[in-house]
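[1] Attaching a predicted model along with its sequence, questions to come.
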Amino acid sequence: MPVGEKTAAIILAAGKGTRMESSVPKPLHLLCGKPLTSFVVSALVDINVTEIVTVVGYKAFEVSEKLHEESAGQASLQFVEQVTQNGTGHATLVGLGGLEAIEKGNLDENVLVLPGDAPLLRPETLKRLLEVHNNNMAAATILTALVDDPTGYGRIIRDAKGRVIRIVEDKDALPSQLEVREVNTSVYCFRRTLLPDVLEKIVANNSQGEFYLTDVIELLQEAGYPVLAVSADDPVEAVGVNDQMQLAVCEKEMQERIKRYWSSQGVEILDWQTCQIDANVEIAEGVIFRENCSVKGNSVFGAEAKIGPDVQIFDSSIGDRCRVWQSIITSSAIGDDCRIGPYVTLDASSVPDSGTVTGPL
């Protein structure tokens, strides 16, 4: 079965994100210029998952509106609200209610369940998760990671034969279980027909008094269904954003990915340490970025443009063969073959035609 076929997805994005210490809902915190949860949506779209339901809660309308706007032209998102945050198990049940009805007799349809705060998940990893799940006809397949410091993560508990038998949350783990380095990334693939009934069996007998989605694993295993695990090649994919420090970790990693990608496309970045490129920026072949360049928003760069040093560009288009240095450009459209700088500030009221040469403004 091709990856993405007969696979739906539920993104859990209802939490307030208290540890962020911010009035901004956690799914909308920006990472390289994009909301956190938009990266999860993009990963799903890249593996051809088209039915995506996002469970929202805190500031539900604001989150839904922004994520819908960000995904326009990429995916058709559906949103359902978890009015009371009763845990990930309850949130998943709410999300199932937003999916289209399963065709009668279709027993092999899958549903991916993912956290909305895991922006470093790679499409290749999700593809491998689905392939293992489908090839082994599993009831559930968990994406795990081997980490040096498992503090805060749920631990993957296996039996003597190496089979997954349960997931134990960090706060509920025994001392011996806390030593386990294989952790839950909170990314799962389930056989969809089994999920509603098993979710109804979860009880909130844990330190948080919540309905944990992780309990589904033990319930399925005890019922005799095959439960598998796939380990991420890079443990950085397990990083979720729960506070500002973790957001900074993800920002650094995503910047590296963005710059590696553009370098492979013929873009020359002379100083990676001082060049910042947002995720939605588009860059043509042959562009050169010098030191201290910050390019943000939906900026677009034409072929063979030379940018920097000391440039800030926001939501602007820069034409072919332009030369821009020591300038700030905001919401502007620069024609081809322009020379902008030094000490130039342009905004939406400034539209330099092709061939324009500017001095200090």
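    Now that the structure is in, tell me what you want to look at. Numbering: from 1, shown residues only.

[2] Helices of the stretch 51-200 of the chain, start to end?
    60-70, 88-96, 123-135, 195-200 (DSSP state H, counting those that start in this stretch).

[3] JSON lines for the ones you listed, including mean pLDDT, distance to Asp149 and mean neighbour count?
    (C-beta placed from N, C-alpha, C; glycine too.) Shown next, in JSON lines, are the helices of the stretch 51-200 of the chain (pLDDT from 0 to 100; distance: least, C-beta to C-beta, whole Å; neighbours: other C-beta atoms under 10 Å):
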{"stretch": "helix 60-70", "mean pLDDT": "95", "distance to Asp149": "30", "mean neighbour count": "17"}
{"stretch": "helix 88-96", "mean pLDDT": "96", "distance to Asp149": "22", "mean neighbour count": "23"}
{"stretch": "helix 123-135", "mean pLDDT": "97", "distance to Asp149": "21", "mean neighbour count": "19"}
{"stretch": "helix 195-200", "mean pLDDT": "95", "distance to Asp149": "31", "mean neighbour count": "16"}
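
[4] possible to save these as TSV with distance to Ser331?
    Putting these into TSV (distance: least, C-beta to C-beta, whole Å) gives the following:
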stretch	distance to Ser331
helix 60-70	17
helix 88-96	37
helix 123-135	32
helix 195-200	46
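
[5] which one of those helices lies closest to Cys275?
    Cys275 lies closest to helix 60-70 among the helices of the stretch 51-200 of the chain, at 23.7 Å (C-beta to C-beta).

[6] Check which residues of stretch 255-267 are buried.
    Neighbour-count burial for stretch 255-267, counted by 16 or more other C-beta atoms under 10 Å, picks out 255, 258-259, 262, 267.

[7] Isn't Thr185 up against Thr144?
    Yes - at 6.3 Å, Thr185 counts as touching Thr144 under the criterion of C-beta atoms under 8 Å.

[8] which neighbours do those two share?
    Common neighbours of Thr185 and Thr144, using C-beta atoms under 8 Å, 6 or more residues apart in numbering, are Ala232.

[9] Now intersect the buried residues of stretch 255-267 with the helices, please.
    Within the buried residues of stretch 255-267, residues falling in helices by DSSP state H are 255, 258-259, 262.

[10] Neighbours of the nearest residue to Pro150 once chain neighbours are set aside, how many?
    If the residues on either side of it in the chain are set aside, Pro150 comes closest to Val183, at 4.9 Å by C-beta to C-beta, 6 or more residues apart in numbering. Neighbourhood size, Val183 [other C-beta atoms under 10 Å]: 23.
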